[in-house]
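**Q** Build me a model:
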Amino acid sequence: MAINKRLLVKPPSTGITPSEHFGVVLYEGDGSSSHSINGGKFGAAAYIDSGAASYINLGAGSSFASGLFNGKSTFSVSIWFRKSSSSLGYIFNDYANNSLNVNISILADGRMEIFTRYSSGDTSYNSTTTYDDDNWHHVVVTLDQTTGVRKSYIDGTLVDTQTTSSNSWNGDSDQRITIGALYYTPGNYYQSSFDGKIDQLRVFTKVLSSSEVSTLYAETLATSTSLDPLSEDTTDTLQVLGDSSCIATYRFENDETDLVVTMMELEQKYNMQQEDMDRQEISMEVHLK
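**A** Have a look, this model is predicted:
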């Protein structure tokens with residue numbers, strides 16, 4: 001299927017230039033030589049510094065990904081991370097106080113916690129393995145609201161299956177979807193930045209199968225062409241599974257530390273490269289002191 005359109009966005013005044021590639025929301029710097037573009041799982045990565053209280057705010061739950069996380073929804077989240085420090089750090093979450101669909105974090109002892117809450121009905125998984133070993137790890141969480149079943153995969157392996165609470169959604173209205181920290185809605189502040197690298201976040205509107213999780217885990221720059229049904233680099237597209245289920249991809253390219261700004265907002269429109277050319281608008285705010 002041919003690419004019908006390319007992303008055309010006016011460059012922000014900060015000097016941060018959007019990619020030409022469609023379907024990708026970017027995390028970029030100004031290209032200065034002091035800003036490394038290496039060190040990610042795929043090219044560059046987002047470096048979240050706990051000492052600088054770093055985070056990436058993807059916007060309000062009501063607006064991000066067409067409100068997918070602003071209530072009980074069926075979805076899957078795939079993300080790569082690398083951490084070496086022994087400290088509590090949040091990877092991805094849609095925390096809204098009394099309710100949240102998914103919170104992925106590394107605990108102070110290096111174990112992973114995956115947490116869901118509906119009106120204070122909690123479902124939690126705590127790994128026995130530690131993941132603060134300075135290696136890249138892949139985590140996928142799927143949630144099927146038809147059955148209430150949540151599945152968690154780490155490094156391509158299913159590690160947990162649980163049925164979540166049947167309670168209704170009762171989240172705070174000022175919920176923010178966040179990468180690399182947790183936005184505590186009762187106090188209106190961010191806490192527990194990840195202190196490590198995060199790369200290749202993808203959000204899907206369906207429950208991924210175990211084979212699809214394996215495809216994402218096996219994806220590398222060397223194998224991406226063979227995995228891509230369109231014979232293109234899958235690390236740079238929404239079409240990694242050959243359908244329209246991936247509605248957001250965050251590649252975090254061109255500046256893994258992003259020291260160029262303290263806060264920025266990128267608002268970009270992307271096409272999903274389907275015949276209906278379903279267009280959505282995503283807002284991303286990067287905060288790095």
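**Q** from here on, contacts and neighbour counts on C-alpha atoms
**A** OK.
**Q** quick one, what contacts H137?
**A** H137 is in contact with 80-82, 131, 154-155, counting by Cα atoms under 8 Å, 6 or more residues apart in numbering.
**Q** the longest helix in the chain is where?
**A** Longest helix in the chain by number of residues (criterion: DSSP state H): helix 210-218.
**Q** Check which residues of it are buried.
**A** Applying a neighbour-count criterion of 16 or more other Cα atoms under 10 Å, one finds 213, 215-217 buried in helix 210-218.
**Q** List the contacts of it.
**A** For helix 210-218, contacts defined as Cα under 8 Å, 6+ apart pick out 78, 138, 140, 153, 155-156, 158, 227, 241.
**Q** Out of the contacts of H137, which end up buried?
**A** Buried by 16+ other Cα under 10 Å: 80-82, 131, 154-155, out of these.
**Q** What's the end-to-end length of stretch 165-183?
**A** In stretch 165-183, first residue to last residue: 23 Å (Cα to Cα, to the nearest Å).
**Q** How about stretch 101-118?
**A** 8 Å.
**Q** Average pLDDT for it, rounded please.
**A** Average pLDDT, stretch 101-118: 96.
**Q** contacts for it?
**A** Stretch 101-118 is contacted from outside by 69, 71-73, 86-95, 98-100, 122-132, 141, 152, 164-170, 194, using Cα under 8 Å, 6+ apart.
**Q** Filter these down to the buried ones and hand me the PyMOL line.
**A** In PyMOL, the members of the contacts of stretch 101-118 classed as buried (16+ other Cα under 10 Å) are selected with the following command:
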select buried, resi 69+71+72+73+86+87+88+89+90+91+92+93+94+95+98+99+100+123+125+127+131+132+141+152+164+165+169+170+194
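**Q** which of the contacts of helix 210-218 has the weakest pLDDT?
**A** L227 (46).
**Q** need the buried residues of helix 210-218 in CSV with distance to N57 and pLDDT, can you?
**A** Formatted as CSV, the buried residues of helix 210-218 follow (distance: Cα to Cα, whole Å; pLDDT from 0 to 100):
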residue, distance to N57, pLDDT
V213, 25, 97
T215, 28, 92
L216, 24, 94
Y217, 25, 94
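**Q** got these as TSV, with distance to Y183 columns?
**A** Below are those laid out as TSV (distance: Cα to Cα, whole Å):
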residue	distance to Y183
V213	28
T215	31
L216	28
Y217	28
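**Q** Please report how far S192 lies from G180.
**A** For S192, the distance to G180 - Cα to Cα - is 8 Å.
**Q** Who has more neighbours out of those two?
**A** More neighbours surround G180 than the other of S192 and G180, with 32 against 21 (other Cα atoms under 10 Å).
**Q** Run through the residues that contact the more buried one.
**A** 48, 54-56, 89-92, 193-195, 198.
**Q** 6 Å - rerun?
**A** 55, 90-91, 193-194 (Cα atoms under 6 Å, 6 or more residues apart in numbering).
**Q** quick one: which of those residues is nearest F252?
**A** Y55 (12.7 Å; Cα to Cα).
**Q** Am I right that the closest one is in contact with Y183?
**A** No: using Cα atoms under 6 Å, Y55 is not in contact with Y183; the gap is 9.2 Å.
**Q** picking that back up, the contacts of H137 in helices, which ones?
**A** Short answer: the contacts of H137 have none in helices (DSSP H).
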